[in-house]
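Chemist: A predicted structure for the sequence below; I have some questions about it.
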Amino acid sequence: MKNIIIFFLLFPLISLTQDEKPNERIVIDSFIKKYNSNDYKGIFSMLSEQMKQEVPLDEISNSLRSLSANLGEITDIEFLEFRKPGMIEFTLLPVIRIGLNRNNFSSYKINFNENELRLDVSIDSEDKIYNISLDEIIDETLEEKAINNLIDDKNIISEKQEELIFDASKYLPNEGQISIALIRNGKVQYFGTKRHNDSISSFENYKNLFEIGSISKVFTSNIFASYVLQKKLHIDDNINDFLDYSIKDSTKISFKSLANHTSGLPRLPNNLKISYNRDKANVYKKEDIDIYLKDSLEINSTTKGKFVYSNLAVGLLGYVLSKIDNTSYDKLYNSYVFNKYNMHNTTINKSDSALIVKGLTNTGSELENLNLDVLAPAGSVISSVEDLAKYGLAQFDNSNKELELSRQNTFKLNNRVSLGLGWFILKSKKNTWFNHDGNTGGYSSSMFIDVENQNGVIILSNVDTEHTSNLGLKLMKSLY
């Protein structure tokens with residue numbers, strides 16, 4: 001899940017060399033001073049009003065506190081460049097990414113006591129921070145060194161598609177993979193790539209398993225739709241009626257608002273302690289979410305009823321659904337989705353399969369798989385493009401009412417983008433696409449489905465990179 005999903009990459013990443021802006025450096029220096037003195041309230045005051053609404057003080061403080069505990073103080077900073085990317089999505093457990101989207105931003109190399117990272121920051125006209133991202137420094141020479149050794153013996157991809165796939169693959173570190181399913185007129189073909197040293201070669205990996213991140217949310221909404229059709233609940237029911245305790249302040253929270261991110265809940269609960277090391281469990285247990293709902297619930301009245309992407313919301317949705325059936329996540333998701341659609345290698349929370357591909361950092365270091373426990377419905381599914389293609393093909397069955405309901409428009413974001421129950425609905429003059437992307441820190445994913453034309457693209461990678469969703473969009477366009 002890389003940053004909070006806004007929707008999809010609208011434009012390719014464009015790098016613009018430009019001098020550092022003096023006002024931005026003043027803001028950055030102030031940020032560093034406040035960070036090193038643990039003045040998290042002071043940092044919160046530096047944010048734009050929109051960011052303050054989207055990300056509460058407690059969440060920012062917890063993230064920065066954990067960052068400081070893991071990496072120490074900031075010792076030095078160096079301006080790198082000015083960039084203009086497209087829209088991207090937010091991670092469930094980021095190094096730190098806060099904001100709605102990254103438009104123009106300045107990139108810095110920033111040194112901590114324990115590591116060296118890249119800081120990307122966007123400053124508005126009032127010198128307020130409206131986006132900030134702290135992540136690994138990417139080896140900029142990967143692209144230059146990449147050698148195209150892709151071979152398409154089965155004539156699966158066109159020359160243009162090969163070019164697009166190579167352009168995305170050349171940013172992979174050593175042992176990085178991209179696994180692709182292309183659905184044309186209801187028929188599936190697979191293509192994969194892997195980087196070994198500087199060679200980008202074709203690689204059969206359609207059965208390999210990857211963390212799919214936020215695409216997991218589509219399955220959670222699928223189960224919700226099934227419950228509605230089985231009359232276990234109504235689409236506009238509140239979760240309050242299905243809990244054996246009272247929610248703080250008797251706040252009403254509807255199932256639909258959890259599914260389409262209009263509940264007003266924050267991105268993450270304020271009692272989640274984030275670890276920035278993937279080998280340390282990021283476990284948020286059932287008792288933690290119960291305590292949150294009873295004692296620490298935060299509903300932002302200014303954003304309730306509006307779209308604010310929330311991993312907590314969908315995690316909570318899955319949690320209440322499992323309580324209704326009094327069953328585990330494994331049994332719930334296997335019964336309602338994975339077994340039903342013959343996704344035999346797909347699991348939620350964990351898998352011991354030898355088919356799992358290790359997640360990598362952008363510099364090629366291996367990462368442990370996440371354990372999100374009760375928040376698993378928001379991003380803990382492990383799957384392959386083969387299994388996800390089966391789910392994609394199932395969307396073309398007009399008699400499948402639960403999948404149809406999960407794609408039903410429930411909230412209009414703008415003239416081009418609406419939300420179903422889990423899916424983002426992307427409309428153009430000619431086509432309607434259903435989309436979700438995902439990132440988990442060591443993996444990235446993208447899924448597009450066109451029900452009317454029976455086309456689709458599914459991409460999984462063992463590297464958390466924005467090029468995955470960008471490639472998904474471009475390959476989808478190439479099918480027409």
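Modeler: Done, it's in. Keep in mind that what you see is a predicted model, and the values were worked out from it rather than measured.

Chemist: what's the neighbour count on Phe411?
Modeler: 19 (other Cβ atoms under 10 Å). Bear in mind the C-beta positions are built from the backbone N, C-alpha and C, glycine included.

Chemist: so it touches Gly422, yeah?
Modeler: No: applying Cβ atoms under 8 Å as the test, Phe411 and Gly422 come out as separate, 11.8 Å apart.

Chemist: and the helices in the stretch 351-480 of the chain?
Modeler: Assigned helices in the stretch 351-480 of the chain, in chain order: 385-394, 401-406, 467-478 (criterion: DSSP state H, counting those that start in this stretch).

Chemist: again, but for the chain
Modeler: With DSSP state H, the ranges of helices along the chain come out as 22-36, 40-45, 49-54, 57-71, 142-145, 159-169, 216-229, 255-259, 286-291, 311-325, 329-333, 385-394, 401-406, 467-478.

Chemist: between these, which one is nearest to Asn271?
Modeler: Among these, the nearest to Asn271 by Cβ to Cβ is helix 286-291 (6.0 Å).

Chemist: so what's Asn369 up against?
Modeler: 211, 350, 356, 359, 382, 442 (Cβ atoms under 8 Å, 6 or more residues apart in numbering).

Chemist: just the buried subset of these, written out for ChimeraX, thanks.
Modeler: The ChimeraX selection below is limited to those of those classed as buried (16 or more other Cβ atoms under 10 Å):
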select :211,356,359,382,442
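
Chemist: picking that back up, want to try JSON lines for the helices of the chain, with mean neighbour count and mean pLDDT as columns?
Modeler: Shown next, in JSON lines, are these (neighbours: other Cβ atoms under 10 Å; pLDDT from 0 to 100):
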{"stretch": "helix 22-36", "mean neighbour count": "15", "mean pLDDT": "91"}
{"stretch": "helix 40-45", "mean neighbour count": "16", "mean pLDDT": "94"}
{"stretch": "helix 49-54", "mean neighbour count": "17", "mean pLDDT": "80"}
{"stretch": "helix 57-71", "mean neighbour count": "18", "mean pLDDT": "82"}
{"stretch": "helix 142-145", "mean neighbour count": "13", "mean pLDDT": "90"}
{"stretch": "helix 159-169", "mean neighbour count": "18", "mean pLDDT": "97"}
{"stretch": "helix 216-229", "mean neighbour count": "25", "mean pLDDT": "98"}
{"stretch": "helix 255-259", "mean neighbour count": "24", "mean pLDDT": "98"}
{"stretch": "helix 286-291", "mean neighbour count": "15", "mean pLDDT": "94"}
{"stretch": "helix 311-325", "mean neighbour count": "24", "mean pLDDT": "97"}
{"stretch": "helix 329-333", "mean neighbour count": "20", "mean pLDDT": "97"}
{"stretch": "helix 385-394", "mean neighbour count": "23", "mean pLDDT": "98"}
{"stretch": "helix 401-406", "mean neighbour count": "20", "mean pLDDT": "98"}
{"stretch": "helix 467-478", "mean neighbour count": "23", "mean pLDDT": "95"}
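
Chemist: the ones you listed: which one's closest to Asn455?
Modeler: The nearest among the helices of the chain, by Cβ to Cβ, is helix 467-478 at 7.4 Å.

Chemist: on contacts alone, who are the packing partners of that closest one?
Modeler: When contacts are defined as 3 or more Cβ pairs under 8 Å, 6 or more residues apart in numbering; DSSP states H and E, helix 467-478 sits against helix 159-169, strand 177-184, strand 432-439, strand 444-450, strand 455-461.

Chemist: again, 7 Å this time
Modeler: helix 159-169, strand 444-450, strand 455-461 (3 or more Cβ pairs under 7 Å, 6 or more residues apart in numbering; DSSP states H and E).

Chemist: quick one: which of those is nearest Ile223?
Modeler: Across these, closest to Ile223 is strand 444-450 (Cβ to Cβ), at 17.4 Å.

Chemist: tell me the angle of that closest one relative to helix 385-394?
Modeler: If you take axes from the mean of the first three to the mean of the last three Cα atoms, to 10 degrees, strand 444-450 sits at 30 degrees to helix 385-394.

Chemist: which neighbours does strand 444-450 have in its sheet, and in what orientation?
Modeler: Strand pairing for strand 444-450, determined by DSSP bridges: strand 432-439 (antiparallel), strand 455-461 (antiparallel).
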